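Student: Here is a sequence with its predicted model. Questions after.
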Amino acid sequence: MRAFLLMILFSFLALATDKDIIINQKFLTTDIFQDGVTYNVVSFSYNDSKVDENIDGDEDGLNYNSDAPNEDNLKLGIVSSDNVLVDLIWEYQSLSNEQQNNVIQSVELIDLNNDNQIDIVIHYNDNDSDYPDQVITSFLINQNKKFQEISETFVKNRYTILDNSHIIYKTPLALFGRPYVDEEANKESNFWVDHYEFQGFKLSNINPKYRQFYEDLKLKSQRQLDAVLQKISGYKMSNELTINQLQLEEYFNEVTELKTIIYRCNQILY
């Protein structure tokens with residue numbers, strides 16, 4: 001009987017602790033575990049009024065819990081309909097110590113690895129990135145109601161999730177590994193395209209499964225390369241040396257990018 005009463009007491013204390021959070025923003029209401037229970041996906045913070053009783057004789061009579069989670073982190077969690085924390089699923093901390101308001105742009109629920117369990121996709125602004133205006137996507141895989149973030153993140157506007165949950169990801173090409181930044185809105189950039197598939201907690205490259213795609217990409221790139229080489233051979237120098245240099249540099253950069261695409265296609269095809 002005593003053991004039974006202790007179990008009830010511990011359960012009550014656990015629930016009381018879980019309730020001690022502050023909801024900052026609600027993103028979704030969902031039956032995420034497909035168990036007939038409705039949960040909310042929210043950003044939250046722990047109630048900073050939580051303190052432990054003084055056991056070391058601190059002057060203020062209080063002993064703050066040194067093991068408490070870092071309150072500087074932005075936290076995303078799953079809570080019950082009455083705001084009981086079920087699971088802390090994701091954290092973000094900016095090294096720049098900037099305000100983290102509106103970091104998370106949106107949250108999606110998708111079965112990424114076709115295991116009939118709902119996974120989580122988070123779109124957020126990375127304040128510490130070289131390009132903080134880009135929205136980054138992070139993937140969290142569900143295994144037995146626990147979510148694990150995979151190591152790979154993608155720029156949101158560069159990938160597409162197909163009906164079979166495969167991902168097409170486009171990487172801009174440039175010299176010296178620098179991202180390609182195109183100032184001309186109407187000019188088409190050259191991208192390398194990869195195909196990925198979620199396998200368990202890994203994101204695996206599956207380019208060989210898409211041979212026809214790379215056959216077509218190789219032929220297209222070869223036609224573009226031939227056209228650029230013709231422009232170079234027929235280029236007439238003007239009196240503006242700077243314009244000549246910039247134009248020819250652009251042509252030669254494009255030649256390098258197209259040759260890179262053709263080489264990578266050959267690596268997949270042969």
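Tutor: Structure's in. What do you need?

Student: Flag the shaky bits of the stretch 101-250 of the chain, pLDDT-wise.
Tutor: 101, 175-188 (pLDDT under 70).

Student: where do the helices sit along it?
Tutor: Listed from the start of the chain, the stretch 101-250 of the chain has helices (DSSP state H, counting those that start in this stretch) covering 211-233, 241-269.

Student: what packs against the first one?
Tutor: I take that to be helix 211-233. strand 191-199, helix 241-269 (3 or more C-beta pairs under 8 Å, 6 or more residues apart in numbering; DSSP states H and E). For glycine as for every other residue, the C-beta is placed from the backbone atoms N, C-alpha and C.

Student: please redo it, this time with the cut-off set to 6 Å
Tutor: Counting contacts by 3 or more C-beta pairs under 6 Å, 6 or more residues apart in numbering; DSSP states H and E, helix 211-233 is packed against helix 241-269.

Student: Just the buried positions in the helix it packs on, please.
Tutor: Of all the residues in helix 241-269, those buried under the rule 16 or more other C-beta atoms under 10 Å are Q247, N253, E254, V255, E257, L258, T260, I261, I262, R264, C265, I268.

Student: which one in these is the model shakiest on?
Tutor: Least confident entry in those, by pLDDT: Q247, with 87.

Student: For A174, see how far away the residue nearest to it when sequence neighbours are not counted is.
Tutor: Once flanking residues are discounted, Q247 sits nearest to Y235: 7.2 Å by C-beta to C-beta, 6 or more residues apart in numbering. From Y235 across to A174, the span is 22 Å (C-beta to C-beta, to the nearest Å).

Student: These two: who's more crowded?
Tutor: A count of neighbours by other C-beta atoms under 10 Å puts A174 above the other of Y235 and A174, at 17 against 12.

Student: what's the spacing between H195 and P208?
Tutor: Taking C-beta to C-beta, one finds H195 at 9 Å from P208.

Student: more neighbours, those two?
Tutor: H195 (19 against 10).

Student: what's the nearest residue to Y214 if we skip its chain neighbours?
Tutor: Closest to Y214 by C-beta to C-beta, 6+ apart is C265, at 4.6 Å.

Student: gap between that neighbour and L225?
Tutor: C265 is 12 Å from L225, by C-beta to C-beta.

Student: likewise I23?
Tutor: 55 Å.

Student: Compare neighbour counts for these two and give me the winner.
Tutor: Shown here are I23 and L225; by other C-beta under 10 Å, L225 has more neighbours (17 against 14).

Student: quick one: contacts for that one?
Tutor: When contacts are counted by C-beta atoms under 6 Å, 6 or more residues apart in numbering, L225 touches L258.

Student: any idea how far it lies from Q267?
Tutor: Distance of L225 to Q267, computed by C-beta to C-beta: 17 Å.

Student: cool, N142 as well?
Tutor: In terms of C-beta to C-beta, N142 sits 34 Å off from Q267.

Student: can you check S233 too?
Tutor: From S233 over to Q267 (counting by C-beta to C-beta), the distance is 28 Å.

Student: Mind putting the helices of the stretch 101-250 of the chain into TSV with distance to S94?
Tutor: Formatted as TSV, the helices of the stretch 101-250 of the chain follow (distance: least, C-beta to C-beta, whole Å):
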stretch	distance to S94
helix 211-233	38
helix 241-269	33
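
Student: wait, which of those is closest to Y159?
Tutor: Closest to Y159 of the helices of the stretch 101-250 of the chain is helix 211-233 (C-beta to C-beta; 15.0 Å).

Student: If we go by neighbour counts, what in that closest one is buried?
Tutor: Of the residues in helix 211-233, those buried by neighbour count under the rule 16+ other C-beta under 10 Å are Y214, L217, K218, S221, Q224, L225, V228.

Student: ok now that helix, how far from the chain's centre?
Tutor: Here the centre of helix 211-233 is set off from its chain's centre by 32 Å, with C-alpha atoms, centre = their mean, to the nearest Å.

Student: how far off strand 191-199 does it point, in degrees?
Tutor: Put simply, helix 211-233 runs at 160 degrees to strand 191-199, going by axes from the mean of the first three to the mean of the last three C-alpha atoms, to 10 degrees.
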